[in-house]
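*Asks:* Next input, structure requested:
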Amino acid sequence: MGHFIVNKKDIFFILKEQLHYGSLCTLPRYTDLNEKTLDLMVTEAISFAKGVLDPLNEIGEEWGVKFENGNVLCPPEFKKAFKQYGTDGWTAAARDPEHGGQGFPHMMRIIINDMMYGACQSFNMAPSLTHGAAHLIESFGTKNLKTTYVPNMFNGTWSGTMCLTEPDAGSNLAAVSTIASCEGDHFKLKGTKIFISWGNHNLTENIIHLVLARIEGAPEGIGGISLFVVPKIRVASDGTIGVPNDVICSGVEKKLGLHASPTCVLNFGSSDNCIGYLCGEENKGLTHMFQMMNAARINSAVSGMALASSAYQNALAYTKQRIQGRDIDRKKEGDVRIINHPDIRRMLLWMKAMVDGMRSMIYSSALWSDLALEMPEGKEKEHYQNLVEFITPIIKAYCSDMGFRVCETAMQCFGGYGYCCDYPIEQYMRDVKILSLYEGTNGIQSMDLMGRKMTIRDGRPFKAFQTEIKRFCIENMEHAELGDRVRALNGITERLYESATELTNRMRTDPSQWASYSYSALIAFSEVFIVWRLLDMAVIAYPCAQKQGKKYDYHRGKIMQATYFADITLPHTMATIETFLRKGREVMEIPDNAF
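*Replies:* Predicted structure coming up:
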């Protein structure tokens, strides 16, 4: 029996009842599609994840990766799955048909990744990175680069990576030192990149690296970084692969988790013979790469939520089967299934709400992203562009942090067995931890939110977020059952907006104090966001919840998860707001030798 369990009803409730995602098919780009087609793709993604990817999770954990003579060897089953992933259209489901895509809404890429990451995170990083790298070439490359590389990346013949980090340039990409020297129609690259996920492997015959480097003579800092397409094996003008391109893997990291995903050290140009091709404009590399980086940030959130979902579903199944202990109310004779114990139910309800809320946050963001990209030019399109920009660091940080917390809580439900390899929970916990570090640590995300995102374009991204929550609160403040929670949410958000503005003002007058409390502000924004999404689902479920019969228990569950989560979370939010406005400077003033 596989480990991957998914509640299809929860997924479709968000997609169809909350978001009405079929409405995307009214946009000009998607008029050839309809909601039934989207439903079919979701169902098929679940089937593919269960049938093809789910078995890989255990295989990959047992096999790991082998590094021999400069080559990385992966489980043989991974190679077959990678090719099938591409040929079945999952890699390029949301890309343009011109280069082998299927033309589905951008949102579908997020839904697909939800299923695939939940089934096998280690594996799904490979096609996900390939998609991002190919889309960079599709967006900024020359016609020749597009025709040479993109189709083979989308169809699973080749794979792709993003190469940013260097030994002395981690989150500070301004320090990138890899050098590119112009030689006619191409460049020679020289430098070392570290922490490159899927940087070397035997799944495909070629690996296409998207590399940040500095052209000789370029300005210092981020304004002098360019983006290059660097194949592992050179590609001839007729599309065939030729000789190695002086890209050498010199090591593979030994990690806490993701044992089947090779994290590589790559040396470019050790023999002064590494050829790369400029992708986009000179000195605009970081701007171009942000397309892939922002997508990777969202995917970090998706992966955190997906692993949390799998952990919760496995814990739920276990607690329904495991018999231990007496009923505390003595209403049932003998030992009972542990789902009857109050503390287990507390953890299950919190996980249920957290997973459903995170999924709604992410799916809502994906829908709004489609509107931001595909709506006709105008104020509504700009509104969604601003909204998506504001919530990206919130989603990345909160869902990766809470993904770990859900996996931790799921382990508590298993007791000692959860700590053992007999069940998948301990692997989930190890695998999920990296997500708070990927694509800018969550502390960096909080400074992005409370700095740039609060202030750019006269604060319009911040105002877009305010507008959406205010609209919901005004419409539902007098709701028969949920009105008091909606009013509580409204009051706390008003306090949050005032306090967040005050904190952002400190960025100019006292930047160290501002930075030391930015993470608390991000948590406050995250909590009002998730409570909003849960209350929205509860409002939708309310009419059915009033009906008699067990078949409506599902809808009653939506209301109960929302009221419980709102009641235990919003007081914490209010306290958090007070903490990030405190005057204390202990964080900055404690002497280094006092730690």
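
*Asks:* packing partners for the helix or strand containing Gln385?
*Replies:* Using DSSP states H and E, Gln385 sits in helix 379-414. Here helix 379-414 touches helix 285-321, helix 342-374, helix 425-432, helix 442-448, helix 454-476, helix 511-545, going by 3 or more C-beta pairs under 8 Å, 6 or more residues apart in numbering; DSSP states H and E. Using the backbone N, CA and C atoms, a C-beta is placed for each residue, glycine as well.

*Asks:* Count the residues that sit near the closest residue to Leu145 other than its chain neighbours.
*Replies:* Nearest non-adjacent residue to Leu145, counting by C-beta to C-beta, 6 or more residues apart in numbering: Ile137, 5.4 Å away. The number of residues packed near Ile137 is 25, by other C-beta atoms under 10 Å.

*Asks:* OK, contacts around Ile137?
*Replies:* Residues near Ile137 by C-beta atoms under 8 Å, 6 or more residues apart in numbering: 145-146, 149-150, 153, 208, 210, 229, 279.

*Asks:* phi, psi of it?
*Replies:* In terms of degrees, to the nearest 10, the main-chain angles of Ile137 are phi -60, psi -40.

*Asks:* what's the pLDDT at it?
*Replies:* Per-residue confidence (pLDDT) for Ile137: 97.

*Asks:* before we move on, what about Thr569?
*Replies:* Per the predicted model, pLDDT is 98 at Thr569.

*Asks:* For the helix holding Gln385, give the mean pLDDT please.
*Replies:* In this model, helix 379-414 has a mean pLDDT of 98.

*Asks:* Kindly report the same for stretch 22-38.
*Replies:* Averaging pLDDT along stretch 22-38 gives 97.

*Asks:* what about it, start to end distance?
*Replies:* Distance between the two ends of stretch 22-38: 7 Å, counting by C-alpha to C-alpha, to the nearest Å.

*Asks:* Show me what it is in contact with.
*Replies:* 15-16, 21, 103-105, 107-108, 367, 370-371, 374-376.

*Asks:* out of those, which are buried?
*Replies:* 15, 21, 103-105, 107-108, 367, 370-371, 374-375 (16 or more other C-beta atoms under 10 Å).

*Asks:* And those residues, which is closest to Pro591?
*Replies:* Leu367 (49.5 Å; C-beta to C-beta).

*Asks:* From Gly403, how far out is that closest one?
*Replies:* Separation of Leu367 from Gly403 (C-beta to C-beta, to the nearest Å): 21 Å.

*Asks:* go on, Leu286?
*Replies:* Applying C-beta to C-beta to Leu286 and Gly403 gives a distance of 27 Å.

*Asks:* Comparing those two, which shows the higher neighbour count?
*Replies:* Gly403 (31 against 20).

*Asks:* which residues touch the more buried one?
*Replies:* Taking C-beta under 8 Å, 6+ apart, one finds 303-305, 307-308, 358, 432, 435 in contact with Gly403.

*Asks:* Quick check: chain neighbours aside, which residue is closest to it?
*Replies:* Nearest residue to Gly403, sequence neighbours excluded (C-beta to C-beta, 6+ apart): Gly304, at 2.8 Å.

*Asks:* hang on, the earlier thing: which pair in the contacts of stretch 22-38 spans the largest distance?
*Replies:* With C-beta to C-beta as the measure, no two of the contacts of stretch 22-38 lie farther apart than Lys16 and Pro376, at 24.9 Å.

*Asks:* what are the phi and psi values for the residue lying closest to Asn202 once chain neighbours are set aside?
*Replies:* Leaving out its chain neighbours, the residue that sits closest to Asn202 by C-beta to C-beta, 6+ apart is Leu73, at 5.6 Å. Main-chain dihedrals, Leu73, degrees, to the nearest 10: phi -110, psi 130.

*Asks:* burial count for Leu73?
*Replies:* 17.

*Asks:* Report the separation between it and Asp370.
*Replies:* For Leu73, the distance to Asp370 equals 39 Å [C-beta to C-beta].
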